[in-house]
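Visitor: what follows is a predicted protein model with its sequence.
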Amino acid sequence: MMEKYHIESYCRIKDQRISLNGATVFESAETNFLPFIKEAYKTLDTQYPKFFKMDALSKLALIASDLLLKNMTEKNIALVLSNRAASLDTDRRHQQSIEEADHYYPSPAVFVYTLPNICLGEISIKHRLFSENGFFVFEQFRADPLVDYADGLLKMQRAEKVLCGWMDLDNEKYDAFLYVVAKNGIFTHSKKKINQLYQTS
Amino acid sequence: MGKGVAITGMGIISAIGEDVAENYRSLISGQIGISKISQIETVHKNEIMVGEVSLTNSELEERLGLPKNSWSRTSLLGVIAAKEAVAQAGISDINKERTGLISGTTVGGMDKSEQYFYEYFENNDAWHHINGLHAGDSTQKIARNLGLEESFATTISTACSSAANAIMLGARMIKSGQLDRVVVGGADCLSKFTINGFKTLMILSDTYNTPFDENRKGLNLGEAAAYLVLESDSLVEKEGKEVLGYVKGYGNANDAFHQTASSDYGDGAVLAMEKALKVAGLTPEAIDYVNAHGTATPNNDLSEGRAMLRIFEGKVPKFSSTKAFTGHTLATAGAVEAVYSVLALQNDTIYPNLNFKTPMKEFELVPETELRKEQLNVILSNSFGFGGNCTTLLFSKKA
């Protein structure tokens, strides 16, 4: 029989609110993303100065993943994220620096973030994870490829746990939904449950 | 559960050839594809060398029977290579079996976005390129042009290991029985976006790139598309197909070191190679040839060299980087080098690592510098991406 996996924990960052396992842990009146996430960084006591050098997508990913990984001792955690906008938010900044003839100055500090999987690198660096990483681009949130990938990794013992989810940010619109899949947990690991958590958290 | 993942078709378009046969001819005759840039107008044109596909967009469009200025160059290259792969696999009805498409890209339709950046405001003629920017757009176009209907089609974006990860995921889905057949690979065209970006990182060479050489000056950017058709054992048996080689192992690990640089001793690379060997059930001694990532940046070649010394415990097999032929084709590199690895197995041939003169001072590793005929059974191919994403693939003659 196939082993059943579970969702151990989940979090959401959207619409000026951050929640962990359904409970609000931070809320703000700040409508702009960068000041909002900075405020969250301080309130949640993240203490990781590299945060300030990151692009917006990596800041979002770092705060979200930290909620789930902060107190975790397990290090064999694979990362499987997805989104719609890839790294377009930062791509545009880089593009503008090339296009503007008067202010031509493409910056390496911006360019290094013009790939969506850089945020996986940032999570891996912060939490010392040397595990498998995957980043998918979909039109919209899709649970099925994430479930298949996570099940496969756990079944073939490529990882003890898998951090999965949606990490989308573009033009001030942000939506982070992360969950940890493990042997034990609060919910059964299924497409239906993940879709439900995504819709309601 | 199937035991092997068979490769039954390959397609490629790169700076050294418009199809598989032409690429192979260039590899064995030392015909390189690195030149001054001709298809993109850039302020850096005199300071860089690139691996360009020689056909213009119009010529590519003509070949596909498309109206002028329809698609991004990424999609044009992608469809051409994917079609060649499917044709070689002898697939007549692509929807008859559960067939998927997994494609890697990093730039997507960036080439058109930068071209029409300002015109979008002024006229509507180029608006179709706005939707074409999305990384998933080229995958959709390839799926449609292969005639795929209801199928698993997805895009992977993990920098320069994207196509290698597409091959890994495809192989896994075949092994686990989720798909019977899958087209895997990647497509990336040159763009000002990447030229300027890599320029700011100061890792572009102003001359021909020289992998693993002490005096290497950096990489040449390249463009290409390459795809492989992977099929399950049972499908191969049922249809009596010719098998070109097998995906024997795969492994991915994060280097957890820096956004773009590899760690000093290649920790992520070592882990990826270890994992791939474990999946294949092989020891390092089984590897006959390594097609290295070998981008010719100071950082990559040192880190990868040290990683090879670690995994092979000092006894590094024959190795070379083919980047001196093609340039670094970014998201596509893993698929380009997968095609080259399978060709190497089929022809028992090791490609030369061109432009190598002086061993690096940190170690005594010397790549193969001459074309070499030798019995090859298992090849290891590395692809390392920004974000610390390290992938190793193993290709074998036998399942």
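Guide: Yep, that arrived.
Visitor: averaging pLDDT per element, find the lowest-scoring helix or strand in the chain.
Guide: No chain was given, so I picked chain A. Ranked by mean pLDDT, DSSP states H and E, the helix or strand of chain A with the weakest confidence is helix A:88-99, at a mean of 90.
Visitor: try chain B instead
Guide: helix B:119-122 (a mean of 80).
Visitor: that helix near chain A anywhere?
Guide: No - Helix B:119-122 stays clear of chain A (C-beta under 8 Å from any C-beta of the partner chain), getting no nearer than 11.9 Å. Heads up, the C-betas are built off the backbone N, CA and C, glycines and all.
Visitor: what separates that helix from the chain centre, distance-wise?
Guide: Computed by C-alpha atoms, centre = their mean, to the nearest Å, the chain-centroid distance of helix B:119-122 equals 34 Å.
Visitor: phi, psi for the residue nearest to the spatial centre of chain A please.
Guide: The centre of chain A sits closest to A:A61, judged by C-alpha atoms, centre = their mean, with a distance of 3.7 Å. Taking degrees, to the nearest 10, you get phi -70, psi -40 for the backbone angles of A:A61.
Visitor: same check, this time on the one 3 residues further on
Guide: Per-residue torsions, A:A64: phi -60, psi -50 (degrees, to the nearest 10).
Visitor: pretty sure it contacts A:I13?
Guide: Yes - shown here, A:A64 and A:I13 form a contact pair, counting by C-beta atoms under 8 Å, at 5.3 Å.
Visitor: what sits in contact with each of those two?
Guide: A:A176 (C-beta atoms under 8 Å, 6 or more residues apart in numbering or on different chains).
Visitor: how does chain B divide up, domain by domain?
Guide: B:5-239, B:248-396 (automatic domain parsing).
Visitor: hey, C-alpha coordinates of stretch B:183-202 in CSV?
Guide: Extracted C-alpha coordinates of stretch B:183-202, given in CSV (Å, rounded to 0.1, in the frame of the first residue of the first chain):
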residue,chain,number,x,y,z
VAL,B,183,9.5,15.3,-24.3
VAL,B,184,12.1,17.0,-22.1
GLY,B,185,14.6,19.8,-22.6
GLY,B,186,14.8,23.5,-22.9
ALA,B,187,15.0,26.6,-25.0
ASP,B,188,16.7,30.0,-24.4
CYS,B,189,17.6,32.7,-27.0
LEU,B,190,20.1,35.5,-26.6
SER,B,191,18.8,38.8,-25.3
LYS,B,192,20.1,42.1,-24.2
PHE,B,193,18.7,41.2,-20.8
THR,B,194,21.2,38.4,-20.3
ILE,B,195,24.1,40.1,-22.1
ASN,B,196,23.9,43.1,-19.9
GLY,B,197,23.3,41.1,-16.8
PHE,B,198,26.2,38.8,-17.2
LYS,B,199,28.3,41.8,-18.2
THR,B,200,27.6,43.4,-14.8
LEU,B,201,28.6,40.2,-13.1
MET,B,202,31.9,40.6,-15.0
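Visitor: check whether that stretch comes near chain A.
Guide: Yes - against chain A, stretch B:183-202 shows contacts by C-beta under 8 Å from any C-beta at B:192-193, B:196-202.
Visitor: and that stretch, what's buried?
Guide: For stretch B:183-202, the neighbour count (16 or more other C-beta atoms under 10 Å in any protein chain shown) marks B:183-201 as buried.
Visitor: how far off centre is it?
Guide: 12 Å.
Visitor: and if you look at stretch A:148-157?
Guide: Relative to its parent chain, stretch A:148-157 has a centroid offset of 19 Å by C-alpha atoms, centre = their mean.
Visitor: right, and B:A272 touches B:C390 too?
Guide: Yes - taking contacts as C-beta under 8 Å, B:A272 lies within contact range of B:C390: 4.1 Å.
Visitor: of those two, who's got more company?
Guide: B:C390 (36 against 32; other C-beta atoms under 10 Å in any protein chain shown).
Visitor: what packs against the host helix or strand of that one?
Guide: Using DSSP states H and E, B:C390 maps to strand B:389-396. Other elements packing on strand B:389-396 under the criterion 3 or more C-beta pairs under 8 Å, 6 or more residues apart in numbering or on different chains; DSSP states H and E are helix B:162-175, strand B:245-254, helix B:267-280, helix B:333-347, strand B:378-385.
Visitor: state the mean pLDDT of it.
Guide: Per-residue pLDDT values across strand B:389-396 average out to 98.
Visitor: minimum distance to chain A: which of the helices and strands packed on strand B:389-396 has it?
Guide: Of all the helices and strands packed on strand B:389-396, strand B:245-254 sits nearest to chain A, with 4.1 Å by C-beta to the nearest C-beta.
Visitor: got phi/psi on A:G152?
Guide: phi -60, psi -50.
Visitor: state the number of residues packed around it.
Guide: Neighbour tally, A:G152, other C-beta under 10 Å: 19.
Visitor: isn't it right up against B:A171?
Guide: No - using C-beta under 8 Å, A:G152 is not in contact with B:A171, being 11.1 Å away.
Visitor: which SS class is B:L55?
Guide: Following DSSP: H, G, I helix; E, B strand; the rest coil, B:L55 is assigned to coil.
Visitor: give me the neighbour count for it.
Guide: 18.
Visitor: so where do the helices sit in the chain?
Guide: Since no chain was named, I'll use chain A. A:33-43, A:56-69, A:88-99, A:108-111, A:118-127, A:143-155, A:191-200 (DSSP state H).
Visitor: actually chain B
Guide: Counting by DSSP H, the helices of chain B are B:20-29, B:57-64, B:73-88, B:110-116, B:119-122, B:128-131, B:135-146, B:162-175, B:192-200, B:233-239, B:267-280, B:298-311, B:323-326, B:333-347.
Visitor: quick check, B:E223 in contact with B:A15.
Guide: Yes - between B:E223 and B:A15 there is a contact at 7.2 Å, judged by C-beta under 8 Å.
Visitor: which of these two has more neighbours?
Guide: Higher neighbour count among B:E223 and B:A15: B:E223, with 31 against 26, using other C-beta under 10 Å.
Visitor: got a list of what the more buried one touches?
Guide: B:14-15, B:50-53, B:73, B:77, B:188-190, B:327, B:329, B:332.
Visitor: shaky segments in chain A?
Guide: Residue ranges of chain A with pLDDT under 70: A:1-2.
Visitor: circling back: mutual contacts of B:A272 and B:C390, please.
Guide: B:252-253, B:382.
Visitor: and these as TSV, adding distance to B:G266 and pLDDT?
Guide: TSV is the format used below for the shared contacts of B:A272 and B:C390 (distance: C-beta to C-beta, whole Å; pLDDT from 0 to 100):
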residue	distance to B:G266	pLDDT
B:N252	14	98
B:A253	11	98
B:N382	10	98
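Visitor: which of those residues sits closest to B:G177?
Guide: Nearest to B:G177 out of the shared contacts of B:A272 and B:C390 is B:N252 (C-beta to C-beta; 21.1 Å).
Visitor: looking at the helices of chain B, which one has the lowest mean pLDDT?
Guide: helix B:119-122 (a mean of 80).
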